[in-house]
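Colleague: Requesting a structural model of the entry that follows:
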Amino acid sequence: MKYNMARTARRIVEDVAGIAPGENVLLVTDPDRPFAITEALAHAVAGAGAVLCVMQMPPHKMGGIDPPPHVGAAMAASDVAILQTSFATVHTDTARNALKKGARIVEMWGWTEDMMTEGGALADYAEVQRVTERLAETLGRSKRVRFTTPKGSDLRICIEGRICHPLTGTAKKRGTFTAFPDGEVAISPLEGSAEGVLVDPISIEHKDIGILREPFGKIEISAGKVVSMDGSAKAARFWQVLTEKGETAKNIAEFAIGTNPACRPYASLREAKKAMGTCHVAVGDSGSIGGKVVSPIHVDLIFDRPTMYLDDRMIIENGVIVA
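Modeller: Numbers count the residues shown, from 1 in each chain. This is a model prediction of the structure:
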């Protein structure tokens, strides 16, 4: 086990989750994830004096899919659940139930070995927290959001009355979660409010799509839902996924802004949405961040160099915070 991997694992156990001696810790992984990371985390948890259980589940192709029920039962019975899986679990009824029971969740989906030694996990999290909380305060006071990109995206949403979530990289309090490496300001739009078009995301969190090196295409949004999609073969594939999963999968579930300057938008699918200078829009389930739509999926679409207006005031220009 590399020393730097061990150091990052200790940071996750001590600084991110605040694991204490005697706590019950669940580490969930799947066959597609690097065992070296599992091993490093297991050693760090043991070093903290906690009681560790490791479970392996089948890999999923996208986020928002519930894990098997026995994994869910173990999550709900744990003080801390570290989820080193292929895609996100926090936007599921399983995770919400575990959070209600008081579990602290550290979401580590999609981690690669190099993420243990470079990139977003090594950020100055005091600075990430400062930027994230300041931006969250501004977003939380607003009623309307408009964001555009140089490639042609132009989306308008209403967020009046919705709670803004600053994700700063810790889950030390009962019933809280972090999606580490973190650095994100997230909010769920009012259902039915999203209107506009999304063009050429840089990545989509689905196994068949991932980081996009070629133009993706155009996504039309009306009355809070994706209504059409055209362009590349991957656009056709994503439309097929949404259609197969039902109308709730087309819901515009989340708008979020990346705030971590150490995250690398093109180095890994996992880091892209946390990178400073990006924003993302999610489709599907919105229940974990204050929305009302329950869906069998939650998939993020990431965009670079956004310009964002809050109540017609420019806050971000081409990915740079200006106010």
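
Colleague: I'd say Thr117 and Arg11 touch.
Modeller: No - using CB atoms under 8 Å, Thr117 is not in contact with Arg11, being 11.8 Å away. (Glycine included, C-beta is placed from N, CA and C.)

Colleague: More neighbours: which of the two?
Modeller: Ranked by neighbour count (other CB atoms under 10 Å), Thr117 and Arg11 place Arg11 first, with 18 against 14.

Colleague: show me what contacts the more buried one?
Modeller: Ala121 (CB atoms under 8 Å, 6 or more residues apart in numbering).

Colleague: Could you list the buried residues of the host helix or strand of it?
Modeller: Arg11 is part of helix 3-11 when elements are defined by DSSP states H and E. Across helix 3-11, burial judged by 16 or more other CB atoms under 10 Å covers Met5, Ala6, Thr8, Ala9, Arg10, Arg11.

Colleague: OK, contacts around the third one?
Modeller: Neighbouring residues of Thr8 by CB under 8 Å, 6+ apart: Ala40, Met116, Thr117, Ala121, Leu122.

Colleague: my read is the first one is in a helix, agree?
Modeller: Yes - counting by DSSP: H, G, I helix; E, B strand; the rest coil, Ala40 is part of a helix.

Colleague: so where's this protein uncertain?
Modeller: For the chain, the stretches with pLDDT under 70 are 1-3.

Colleague: Kindly state the beta-bridge partners for the residue nearest the centre of the chain.
Modeller: The centroid of the chain falls nearest to Ala179 when counting by CA atoms, centre = their mean (5.9 Å). Beta-bridge pairing for Ala179 (DSSP bridges): Glu107.

Colleague: ok, so what distance separates it from Leu212?
Modeller: Taking CB to CB, to the nearest Å as the measure, Ala179 falls 21 Å from Leu212.

Colleague: Next: Glu247.
Modeller: 25 Å.

Colleague: before we move on, what about Ala136?
Modeller: From Ala136 to Leu212 the distance is 28 Å (CB to CB).

Colleague: Between these two, tell me which one has more neighbours.
Modeller: Neighbours were counted for Ala136 and for Leu212 using other CB under 10 Å; Ala136 has more, 22 against 19.

Colleague: Now for Lys245, how many residues are close by?
Modeller: There are 19 residues near Lys245, going by other CB under 10 Å.

Colleague: so it sits right up against Asp285, yeah?
Modeller: No - contact criterion CB under 8 Å: Lys245 and Asp285 do not qualify, at 10.3 Å.

Colleague: so what sits against both of those two?
Modeller: Ser295, Pro296, Ile297.

Colleague: on that earlier part again, now tell me what touches the next helix or strand after the helix holding Arg11 from outside.
Modeller: Per DSSP H and E, the first helix or strand lying C-terminal to helix 3-11 is strand 24-29. Residues from elsewhere that reach strand 24-29 (CB under 8 Å, 6+ apart): 19, 38, 41-42, 45, 50-57, 67, 71, 74-75, 77-85, 89.
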